[in-house]
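1. Build me a model from this:
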Amino acid sequence: MTLAFAQIFHLGNARSGCPVISLGKVVSNPYALAAVGLTAALQVLTVELQPLAEVLRTHPLNTSDWLALSGLAIIPALLGQVVKAAKTRADAEERS
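-> Numbering: from 1, shown residues only. Alright, predicted model coming up:
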């Protein structure tokens, strides 16, 4: 689940060469937002929907599991944005 959500959150890094820090940039692509929502919902269903969980042999996660998963999954996305911001700043300084 952590890896799956890390990949979902990575969309912001993959969709632009520039940092996607502002809310306007985050919500600028409704199709990307729909894809994030759909894939996140499908991931949650794999552990929360009992018939599906039985087929996939998963079990529901408790609150502390979800908090740990969310915290760890967001790290690559945040690091990617920091790297892009630093690169954008360095490129701007180089041009001036």
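2. now the helix or strand hosting residue 41, how far from the centre of its chain.
-> Assigned by DSSP states H and E, residue 41 belongs to helix 30-48. Distance of helix 30-48 from its chain centroid, counting by C-alpha atoms, centre = their mean, to the nearest Å, is 11 Å.
3. what's that helix in contact with?
-> Under the criterion C-beta atoms under 8 Å, 6 or more residues apart in numbering, residues 1, 4-5, 8, 11, 15, 27, 52-53, 56, 58-61 lie in contact with helix 30-48. For the C-beta atoms, the positions are set from N, CA and C on the backbone; glycine is no exception.
4. Now these in a markdown table, please, with extra columns for distance to residue 76 and pLDDT.
-> What follows is these, written out as a markdown table (distance: C-beta to C-beta, whole Å; pLDDT from 0 to 100):
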| residue | distance to residue 76 | pLDDT |
| --- | --- | --- |
| 1 | 14 | 95 |
| 4 | 12 | 95 |
| 5 | 10 | 96 |
| 8 | 11 | 93 |
| 11 | 11 | 85 |
| 15 | 15 | 74 |
| 27 | 21 | 78 |
| 52 | 27 | 95 |
| 53 | 26 | 94 |
| 56 | 24 | 94 |
| 58 | 23 | 94 |
| 59 | 25 | 92 |
| 60 | 25 | 93 |
| 61 | 20 | 95 |
